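Visitor: Got a predicted model here, sequence first, then my questions.
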2 protein chains.
Amino acid sequence: MKSKRARPGIDRRSLLKTATLSLLFAPALPMLRQAHAQTDPLPSWNDGPSKQAITGFVARVTQQGGPDFVPPAERIATFDNDGTLWVEHPMYTQLAFVLDRVKVLAPQHPEWTSTQPFKAVLEGDMKTLMAAGERGLVELGMATHAGMTTAEFEKIVTDWIATARHPRFKRLYTELSYLPMIELLAYLRANGFKTFIVSGGGVEFMRPWTERVYGVPPEQVVGSSIKTKFQIRDGQPELMRLPEINFIDDGPGKPVGINEYIGRRPIAAFGNSDGDLEMLQWTTMSGGARLGMIVHHTDAEREYAYDRDTEFGRLDKALDAAAANKWVVIDMKNDWKRIFAFA
Amino acid sequence: MKSKRARPGIDRRSLLKTATLSLLFAPALPMLRQAHAQTDPLPSWNDGPSKQAITGFVARVTQQGGPDFVPPAERIATFDNDGTLWVEHPMYTQLAFVLDRVKVLAPQHPEWTSTQPFKAVLEGDMKTLMAAGERGLVELGMATHAGMTTAEFEKIVTDWIATARHPRFKRLYTELSYLPMIELLAYLRANGFKTFIVSGGGVEFMRPWTERVYGVPPEQVVGSSIKTKFQIRDGQPELMRLPEINFIDDGPGKPVGINEYIGRRPIAAFGNSDGDLEMLQWTTMSGGARLGMIVHHTDAEREYAYDRDTEFGRLDKALDAAAANKWVVIDMKNDWKRIFAFA
């Protein structure tokens, strides 16, 4: 899908090679070219600096022989998920899942009616729940994410995500993925990029549906995880999920996770909060053509408006760092023509 | 690269679709088909049960509409490295690297001349070294693998692997990769498989050269690892390697690693030792067409002959389990026409 333009000074032999290749694929290529010229690959983006930053960057790194050319194998792009690819307000989707699971499991745990933070969940007391802090959330997480096999957990997630609905939009959570970002993922892939999700969310909470919703297969999803243990039960091998944290893929954990799970340094990274600061630093502060972008939630009417003062997806330090690092801040209200596929 | 054969009962409409597509790509496809028909994709394999097991399995899972068809996205194949893709005797290559590094670093550590297990390394006393056991090896590993950035370590590995030579063959270690297995990797990829390395070896020891040698990119290499820490030093972000084990990708750790790093269950797995037992179980004991293969080192003349009684790459339990699980045991001496590209 790369456009091939003759440039002054380009090697004549490589032009000849290109011409020979074109002849081989003669019936197919002109059609593709025509389709490409006529179709805007980012139709949900308004024309403006954000859209120009994307198309300009892609043109530079894909221009064979150009000073910023990057071979396809090294075109790694990483995307945060919550608040970057789908809605994260009024709470992270995975937290909504946790709260639902506590209610489903409560009959098997009569002690929860008098034990915090479970009591707060069952009573819908968000204030007490939030006061329980990270420790309380981890406790809820383990009670709902561990103690079953990976196959069982996958089914629980698959069933939940197919039916649970967002409290404001009354839509499936997967419908609350951002159309402009889905176009961006596809546009990058069409230009030889390999797209990865690098999220603070649980990796096994995302993998069952990322391929269908974002076109990102399970092996390109990096996230937080708990430990698992291999065992054979009744002649069947299985992985049991243990109530023990394995990896937290957030903040400084994101470059660590990128190195551990991907093993290449991205040339483009997309986030929306301070949890993405280090990923953006790791991606862009290395010389060469690099693209760092931050989704800024500025549209209270169509989605939400928040940055420095919020419980979920706080954007403070990363917003300050954007100017100094030439990261592009996406103004959701003005840059996105459409936000959701359904609207 | 799938061959399309008309079968009785096939839907006429899909035949028509195929015909239309073929016309579009008319100049290119017949050439490819001809080339495919005339060329044996596994020329270094002798005809026999091992080669037949491979080609038969690939034919089954790629036959569109067949009972064992597997969609390309789910064609995951995992390969152990040491002893499966390259030589692991007289010692794991990474251990040779460790011993070389201890010698290089010794001038900065005068205390090593009187401290075990460093003293044993510097004196070439393998018996004392082996007696130091796993704890001694971990100590040597940390002294040689931690305390530098990931970029620095990558350069150390890249320089070493470009020059270090095997004591018996006097060849670069990368030249001691098995040609039949490299053909197998390419054959699987040509049939829509995604090939992964799942090795007990250090992931950052393998990633710098696996793409060049095996065609497996860094993001498809799973291995053991130490922890890293993100930091910004002199305005440059870096990942510092810490002397702390993060993950051991061996034995029951292999299915755990496959789930954590790949997130899909393989349909084919290749190993050579008891360290691969659980990966083979996880891959094959799940119904459906599955392929489990074990490289059995039976050729003392061209390579090495060992199984139950060896320090590196012991094959004992997994050999016993092969018959019960219908894993195919590759007889290196009789199944491989050639072992190395240079020989």
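Guide: Looks like it came in fine. Here the structure is a predicted model, which means the values were calculated and not measured.

Visitor: Can you name the residues that contact the closest residue to A:Phe205 other than its chain neighbours?
Guide: The shortest distance from A:Phe205 to any residue other than its chain neighbours is 5.2 Å, reached at A:Gln94 (CB to CB, 6 or more residues apart in numbering or on different chains). In this view, the C-beta of every residue, glycine as well, is placed from N, C-alpha and C. By CB atoms under 8 Å, 6 or more residues apart in numbering or on different chains, A:Gln94 lies in contact with A:Asp82, A:Gly201, A:Gly202, A:Phe205.

Visitor: which is the next helix or strand following the host helix or strand of A:Gln94?
Guide: Following DSSP states H and E, one finds A:Gln94 within helix A:93-105. Past helix A:93-105, further along toward the C-terminus, the next helix or strand under DSSP H and E is helix A:118-122.

Visitor: phi, psi of the residue nearest the centre of chain A?
Guide: Nearest to the centroid of the C-alpha atoms of chain A, with distances taken as CA atoms, centre = their mean, sits A:Asn81, at 3.1 Å. Phi and psi for A:Asn81, reported as degrees, to the nearest 10, are phi -100, psi -70.

Visitor: And for the one 10 residues further on?
Guide: When read as degrees, to the nearest 10, the backbone of A:Met91 gives phi -150, psi 160.

Visitor: what's the answer for A:Leu239, then?
Guide: Geometry field for A:Leu239 lists phi and psi as phi -110, psi 120, criterion degrees, to the nearest 10.

Visitor: how much space between it and chain B?
Guide: As defined by CB to the nearest CB, to the nearest Å, A:Leu239 lies at a distance of 5 Å from chain B.

Visitor: Also A:Pro41?
Guide: From A:Pro41 over to chain B the distance is 22 Å, taken as CB to the nearest CB.

Visitor: Helices of chain A, residue ranges please.
Guide: For chain A, applying DSSP state H gives helices covering A:12-24, A:29-38, A:49-62, A:93-105, A:118-122, A:126-131, A:133-145, A:150-161, A:179-190, A:203-214, A:253-257, A:277-284, A:317-325, A:332-335.

Visitor: Please name the residues that touch A:Pro107.
Guide: A:Pro107 is in contact with no residue at all, counting by CB under 8 Å, 6+ apart.

Visitor: How about the contacts made by A:Thr298?
Guide: Shown here is A:Thr298, whose contacts under the criterion CB under 8 Å, 6+ apart are A:Ala305, A:Asp331, A:Met332, A:Lys333, A:Asn334.

Visitor: Tell me the one among these nearest to A:Arg135.
Guide: Nearest to A:Arg135 out of the contacts of A:Thr298 is A:Ala305 (CB to CB; 30.4 Å).

Visitor: Quick check: bridge partners of the closest one?
Guide: With DSSP bridges applied, the residues forming beta bridges to A:Ala305 are A:Thr298.

Visitor: That one is in contact with A:Asp299, isn't it?
Guide: Yes. Contact criterion CB atoms under 8 Å: A:Ala305 and A:Asp299 qualify, at 6.2 Å.

Visitor: Please identify every residue contacting each of those two.
Guide: A shared contact of A:Ala305 and A:Asp299, defined by CB under 8 Å, 6+ apart, is any residue touching both; here these are A:Lys333.

Visitor: mind checking the end-to-end distance for stretch A:287-302?
Guide: Terminal residues of stretch A:287-302 are spaced 37 Å apart (CA to CA, to the nearest Å).

Visitor: For it, list every residue counted as buried.
Guide: In terms of neighbour count (16 or more other CB atoms under 10 Å in any protein chain shown), stretch A:287-302 has its buried residues at A:Ala289, A:Arg290, A:Leu291, A:Gly292, A:Met293, A:Ile294, A:Val295, A:His296, A:His297, A:Thr298, A:Asp299.

Visitor: okay, these in JSON lines with pLDDT next?
Guide: Below are the buried residues of stretch A:287-302 laid out as JSON lines (pLDDT from 0 to 100):
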{"residue": "A:Ala289", "pLDDT": "96"}
{"residue": "A:Arg290", "pLDDT": "98"}
{"residue": "A:Leu291", "pLDDT": "98"}
{"residue": "A:Gly292", "pLDDT": "98"}
{"residue": "A:Met293", "pLDDT": "98"}
{"residue": "A:Ile294", "pLDDT": "98"}
{"residue": "A:Val295", "pLDDT": "98"}
{"residue": "A:His296", "pLDDT": "98"}
{"residue": "A:His297", "pLDDT": "98"}
{"residue": "A:Thr298", "pLDDT": "98"}
{"residue": "A:Asp299", "pLDDT": "98"}
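
Visitor: and of those, the nearest to A:Asn272?
Guide: Proximity of the buried residues of stretch A:287-302 to A:Asn272, judged by CB to CB, is greatest for A:Val295, which lies at 4.1 Å.

Visitor: and the closest residue in space to the closest one that isn't next to it in sequence, backbone torsions?
Guide: Nearest non-adjacent residue to A:Val295, counting by CB to CB, 6+ apart: A:Asn272, 4.1 Å away. Backbone torsions of A:Asn272, given as degrees, to the nearest 10, read phi -150, psi 0.

Visitor: Can you name the residues that contact A:Asn272?
Guide: The neighbours of A:Asn272, taking CB under 8 Å, 6+ apart as the test, are A:Asp80, A:Asp82, A:Gly83, A:Thr84, A:Glu88, A:Ile294, A:Val295, A:His296, A:His297, A:Gly313, A:Leu315.

Visitor: make it 7 Å
Guide: Shown here is A:Asn272, whose contacts under the criterion CB atoms under 7 Å, 6 or more residues apart in numbering or on different chains are A:Asp80, A:Gly83, A:Thr84, A:Ile294, A:Val295, A:Gly313, A:Leu315.

Visitor: What count of nearby residues applies to A:His284?
Guide: No, residue A:284 isn't His; it's Thr. Residue neighbour count, defined by other CB atoms under 10 Å in any protein chain shown, stands at 22 for A:Thr284.

Visitor: wait, isn't it in contact with A:Arg290?
Guide: Yes. With contact defined as CB atoms under 7 Å, A:Thr284 reaches A:Arg290; the gap is 4.3 Å.

Visitor: Show me what stretch A:240-252 is in contact with.
Guide: Contacting residues not belonging to stretch A:240-252 are listed as A:142, A:145-150, A:153, A:198-200, A:222-229, A:231, A:257, A:275, A:277-278, B:230 [CB under 7 Å, 6+ apart].

Visitor: same check, this time on stretch A:276-296
Guide: The contact list for stretch A:276-296 (CB under 7 Å, 6+ apart) reads A:53, A:57, A:60-61, A:68, A:78, A:80, A:83-84, A:198, A:251-252, A:254-255, A:258, A:265-272, A:307, A:315, A:317-318, A:321-322, A:325, A:327-332, B:230, B:232, B:236-237.

Visitor: Stretch A:132-143 too?
Guide: Stretch A:132-143 is contacted from outside by A:Val98, A:Val102, A:Gln116, A:Pro117, A:Ala120, A:Val121, A:Leu129, A:Pro243, using CB under 7 Å, 6+ apart.

Visitor: try it again with 10 Å
Guide: The contact list for stretch A:132-143, computed with CB atoms under 10 Å, 6 or more residues apart in numbering or on different chains, reads A:92, A:94-95, A:97-99, A:101-102, A:105, A:109, A:112, A:115-118, A:120-121, A:128-130, A:145, A:202, A:224, A:226, A:241-245.

Visitor: filter those to the buried ones?
Guide: For the contacts of stretch A:132-143, a neighbour count by 16+ other CB under 10 Å gives the buried set as A:92, A:94-95, A:97-99, A:101-102, A:112, A:117-118, A:120-121, A:129, A:145, A:202, A:224, A:226, A:241.

Visitor: residues touching A:Phe270, list them.
Guide: Neighbouring residues of A:Phe270 by CB under 10 Å, 6+ apart: A:54, A:77-80, A:84-85, A:181, A:184-185, A:188, A:195, A:197-198, A:276, A:279-280, A:283, A:291-295, A:327-328, A:330.

Visitor: okay, the buried residues of stretch A:287-302 in TSV with distance to A:Tyr214 next?
Guide: Output for the buried residues of stretch A:287-302, formatted as TSV (distance: CB to CB, whole Å):
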residue	distance to A:Tyr214
A:Ala289	24
A:Arg290	22
A:Leu291	18
A:Gly292	20
A:Met293	16
A:Ile294	19
A:Val295	14
A:His296	21
A:His297	19
A:Thr298	23
A:Asp299	21
